[in-house]
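**Student:** structure here, sequence nowhere to be found:
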């Protein structure tokens with residue numbers, strides 16, 4: 001879809017345009033019968049999965065819808081915002097579905113991904129990485145100048161990084177400032193300032209910068225552990241406690257005042273409204289003059305198919321108020337040492353359970369921006385105070401007047417992959433105080449991305465929302481389907497899927513069952529031992545020549561969705577992977 005100057009492109013426009021994408025051999029494993037048809041025309045033929053070629057990767061619509069609702073309800077009950085990591089799928093349709101379900105923003109990982117997201121219609125992006133590329137920095141400054149309503153938050157973890165950003169932004173308009181989040185790292189982790197003292201040095205450098213504005217603190221706890229052993233969980237908890245301490249110390253020192261627009265600070269109000277007010281539940285808007293929204297292989301862009309409606313019901317869960325009561329109200333006169341002691345002691349608050357209790361309906365605005373004006377402004381919830389027995393979402397609504405007095409923005413505290421979201425809630429959710437009733441307005445933002453697809457490997461073994469750990473578990477929405485092309489040995493079958501088709505970095509595919517009307521089980525002990533570029537080695541201990549006949553198709557469970565989507569330009573969405581003959585109900589274009 002071409003976008004002329006002055007025309008505003010929304011994420012909805014981008015998603016709807018998928019119907020006009022012309023299918024062809026560049027779309028892996030689609031049959032010749034689809035070539036030359038548009039996505040809309042091909043779906044009108046009601047194709048079944050067995051009409052496509054192998055190998056093929058599919059997404060299960062019923063599982064996607066269920067997983068999205070589970071996480072949206074869980075986050076609401078915990079009182080935290082969601083900014084799902086969009087780099088998992090790089091699929092605008094899935095981004096839109098998550099935003100419609102109440103997500104506050106979409107997280108991305110590189111400057112180029114931000115540019116793609118912006119071009120496809122995102123209006124609020126959290127870049128969970130440093131933005132140091134000079135081309136990307138200058139683009140970001142120009143985009144903010146062109147559209148002051150565009151919200152971009154990037155990370156910074158060193159004083160040298162601050163200086164590098166400033167150097168490349170020298171030519172930007174004087175009133176343009178980039179919002180940054182100080183990233184705290186951990187021992188043997190990935191990026192991030194090592195220790196509170198180093199993080200304070202970064203924050204001080206940002207505070208003195210004429211080009212940057214401190215918007216919050218954050219990090220990635222998944223780099224510090226890879227399992228749920230006591231040692232791993234302890235390392236994650238300690239790290240998250242350090243993030244809480246850092247936030248409280250920076251709040252007490254007034255380091256967020258410019259971003260929040262607090263008393264005595266001349267905030268830059270060049271935008272007609274504060275950047276925190278865009279409702280993420282509605283269309284995220286991006287005007288991109290002269291840009292052509294090209295699909296993965298040219299042609300029109302992004303996804304189309306049957307989707308569920310937005311999640312509207314929020315079920316309050318139990319609230320851990322320790323952090324809020326002990327330290328969030330601390331102001332500049334509070335000693336830093338006292339804050340450290342209070343934060344560590346308070347961090348042991350309870351964890352919200354599975355969503356339950358009386359359902360509470362939130363308006364589109366109430367499930368969107370973190371600023372208090374966007375939280376039920378003057379509606380039926382105005383004036384609620386949200387005491388200890390209330391959910392954190394209720395408390396945030398009740399504090400809306402205080403938030404308005406502070407300029408309508410909230411400092412951001414962000415963490416969370418899909419392995420330890422429960423620990424993020426346990427250690428950080430008590431900081432959530434979006435209205436500023438107890439001090440600096442604060443929003444806690446969870447960046448989990450893999451939850452939407454989940455898996456049958458790494459995340460099924462570590463996620464707190466996996467089957468066996470949750471009353472409302474996530475389930476895998478992705479599967480590989482591969483055909484047996486050779487039986488050179490009695491106990492070996494070669495399938496036609498390989499590293500170019502399926503993820504393998506966090507575990508090899510898991511054979512689940514034979515495809516087709518019979519849905520025959522596989523021989524006991526069947527396992528995948530290796531992947532080549534285009535072959536899967538399926539071992540069949542004690543097998544026979546007839547176990548998996550040449551030409552039969554095997555369904556494979558997969559591990560790690562973050563390395564599944566990037567192997568496909570157009571992914572079929574099926575109605576139900578458990579069906580004897582799944583129906584193709586949509587397609588997800590990806591942008592990698």
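**Tutor:** Happy to help now that I have it. Since the model is a prediction, treat every value here as computed from it, not as a measurement.
**Student:** can you map out the strands along the stretch 51-200 of the chain?
**Tutor:** Listed in chain order, the strands of the stretch 51-200 of the chain (DSSP state E, counting those that start in this stretch) span 56-60, 81-82, 106-108, 124-130, 151-156, 178-183.
**Student:** residue 113 reaches residue 92, doesn't it?
**Tutor:** No. Assessed by CB atoms under 8 Å, residue 113 is found out of contact with residue 92, at 12.0 Å. The way it works is simple: take the backbone N, C-alpha and C, and place the C-beta from them, glycine included.
**Student:** returning to that earlier point: for the strands of the stretch 51-200 of the chain, which one sits closest to residue 524?
**Tutor:** Proximity to residue 524, assessed across the strands of the stretch 51-200 of the chain by CB to CB, is greatest for strand 56-60 (25.4 Å).
**Student:** other SSEs contacting that closest one?
**Tutor:** Here strand 56-60 is seen to pack against strand 478-489, strand 570-574 when contacts are counted using 3 or more CB pairs under 8 Å, 6 or more residues apart in numbering; DSSP states H and E.
**Student:** low-confidence bits of the stretch 401-550 of the chain, can you list those?
**Tutor:** In the prediction, the stretch 401-550 of the chain carries residues with pLDDT under 70 at positions 401-408, 518-519.
**Student:** residue 113 and residue 92: who's more crowded?
**Tutor:** When residue 113 and residue 92 are compared on other CB atoms under 10 Å, the one with more neighbours turns out to be residue 92, at 31 against 21.
**Student:** pretty sure residue 31 sits against residue 51.
**Tutor:** Yes. Residue 31 is in contact with residue 51 according to CB under 8 Å; the separation is 6.0 Å.
**Student:** for residue 153, give me its contacts.
**Tutor:** Applying CB atoms under 8 Å, 6 or more residues apart in numbering to residue 153 gives the contacts 105, 125-127, 179-181, 215-216, 412.
**Student:** same thing but 10 Å
**Tutor:** With contact set as CB atoms under 10 Å, 6 or more residues apart in numbering, residue 153 has these partners: 83, 105, 107, 124-128, 131, 178-181, 213, 215-216, 218, 275, 412, 414, 445.
**Student:** burial count for residue 509?
**Tutor:** Using other CB under 10 Å as the criterion, the residues surrounding residue 509 number 27.
**Student:** and it, what are its phi and psi?
**Tutor:** Dihedral angles phi and psi of residue 509 (degrees, to the nearest 10) take the values phi -60, psi 150.
**Student:** isn't it right up against residue 526?
**Tutor:** No. Counting by CB atoms under 10 Å, residue 509 stays clear of residue 526, with 11.2 Å between them.
**Student:** picking up where we left off before, hey, what's in contact with both of residue 113 and residue 92?
**Tutor:** By CB under 10 Å, 6+ apart, residue 113 and residue 92 have these common neighbours: 86, 106, 591.
**Student:** nearest residue to the second one in space, please, no chain neighbours.
**Tutor:** Leaving out its chain neighbours, the residue that sits closest to residue 106 by CB to CB, 6 or more residues apart in numbering is residue 86, at 4.2 Å.
**Student:** run a quick neighbour tally on the one you found.
**Tutor:** Per other CB under 10 Å, the neighbour tally for residue 86 reads 29.
**Student:** count the neighbours of residue 117 for me.
**Tutor:** 27.
**Student:** surely it and residue 89 touch.
**Tutor:** No. Taking CB under 10 Å as the contact criterion, residue 117 and residue 89 are not neighbours in contact, 11.7 Å apart.
**Student:** need the overlap of contacts for these two.
**Tutor:** 95, 591.
**Student:** show me the contacts for residue 141.
**Tutor:** When the contact criterion is CB under 10 Å, 6+ apart, the partners of residue 141 are 152, 168-169, 171-173, 176-178, 211.
**Student:** only the buried subset of these, as a PyMOL command please.
**Tutor:** Per 16 or more other CB atoms under 10 Å, the buried members of the contacts of residue 141 correspond to this PyMOL selection:
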select buried, resi 152+168+169+172+176+177+178+211
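**Student:** mind listing which of the contacts of residue 141 are in helices?
**Tutor:** Cross-referencing these with the helices (criterion: DSSP state H) gives residue 168 as the overlap.
**Student:** could you identify the most distant pair in the contacts of residue 141?
**Tutor:** Within these, two members stand farthest from each other by CB to CB: 152 and 171, at 17.9 Å.
**Student:** now residue 517: closest residue in space, sequence neighbours ignored.
**Tutor:** Of all residues beyond its chain neighbours, the one nearest residue 517 is residue 580 (5.0 Å), with distances taken as CB to CB, 6+ apart.
**Student:** tally of neighbours for residue 77?
**Tutor:** Neighbour count of residue 77, defined by other CB under 10 Å: 25.
**Student:** where's it relative to residue 248, distance?
**Tutor:** According to CB to CB, to the nearest Å, residue 77 stands 24 Å off from residue 248.
**Student:** now swap in residue 105 and tell me
**Tutor:** The span separating residue 105 from residue 248 equals 23 Å under the rule CB to CB.
**Student:** also residue 127?
**Tutor:** Residue 127 sits at a distance of 24 Å from residue 248 (criterion: CB to CB).
**Student:** neighbour count: the two, which is higher?
**Tutor:** Legend: neighbour count by other CB under 10 Å for residue 127 and residue 248, higher for residue 248 (30 against 24).
**Student:** quickly find the element holding the more buried one.
**Tutor:** Per DSSP states H and E, residue 248 falls inside helix 230-252.
**Student:** quick one: mean pLDDT for that helix?
**Tutor:** For helix 230-252, the per-residue pLDDT values average out at 95.
**Student:** show me the contacts for the closest residue to residue 561 other than its chain neighbours.
**Tutor:** For residue 561, ignoring the flanking residues on the chain, the nearest one in space by CB to CB, 6+ apart is residue 453 at 3.9 Å. Contact criterion CB under 10 Å, 6+ apart gives 59-60, 63-64, 67, 88-89, 94, 418, 459, 474-478, 558, 560-562, 564-565 as the residues in contact with residue 453.
**Student:** 6 Å instead, please
**Tutor:** Under the criterion of CB atoms under 6 Å, 6 or more residues apart in numbering, the contact list for residue 453 reads 477-478, 561.
**Student:** roughly how far apart are it and residue 226?
**Tutor:** 19 Å.
**Student:** likewise for residue 438?
**Tutor:** From residue 438 over to residue 226 (counting by CB to CB), the distance is 36 Å.
**Student:** where does the prediction get shaky in the protein?
**Tutor:** Counting by pLDDT under 70, the chain contains low-confidence ranges at 1-9, 262-408, 518-519.
**Student:** okay, now the domains of it?
**Tutor:** Segmentation of the chain into domains, based on automatic domain parsing, reads 6-77+455-592, 109-286+323-351+409-447.
**Student:** would JSON lines of the ones you listed with distance to residue 101 be doable?
**Tutor:** Formatted as JSON lines, the entries for the domains of the chain read as follows, by distance: least, CB to CB, whole Å:
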{"stretch": "domain 6-77+455-592", "distance to residue 101": "4"}
{"stretch": "domain 109-286+323-351+409-447", "distance to residue 101": "8"}
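**Student:** and the next helix-or-strand element following the helix holding residue 248, what does it pack onto?
**Tutor:** Toward the C-terminus, helix 230-252 is succeeded by helix 257-260 as the next helix or strand (DSSP H and E). Here helix 257-260 is seen to pack against strand 212-218 when contacts are counted using 3 or more CB pairs under 6 Å, 6 or more residues apart in numbering; DSSP states H and E.
**Student:** show me what the strand it packs on is packed against.
**Tutor:** The elements that strand 212-218 packs onto, with contact taken as 3+ CB pairs under 6 Å, 6+ apart, are strand 178-183, helix 196-208, helix 230-252, helix 257-260, strand 411-415.
**Student:** may I have the strands that pair with it, each with its orientation?
**Tutor:** Each strand pairing with strand 212-218, determined using DSSP bridges, is listed with its direction: strand 178-183 (parallel), strand 411-415 (parallel).
**Student:** now the phi/psi pair for the closest residue to residue 465 other than its chain neighbours, please.
**Tutor:** If the residues on either side of it in the chain are set aside, residue 465 comes closest to residue 474, at 4.8 Å by CB to CB, 6+ apart. According to degrees, to the nearest 10, the main-chain angles of residue 474 amount to phi -80, psi 160.
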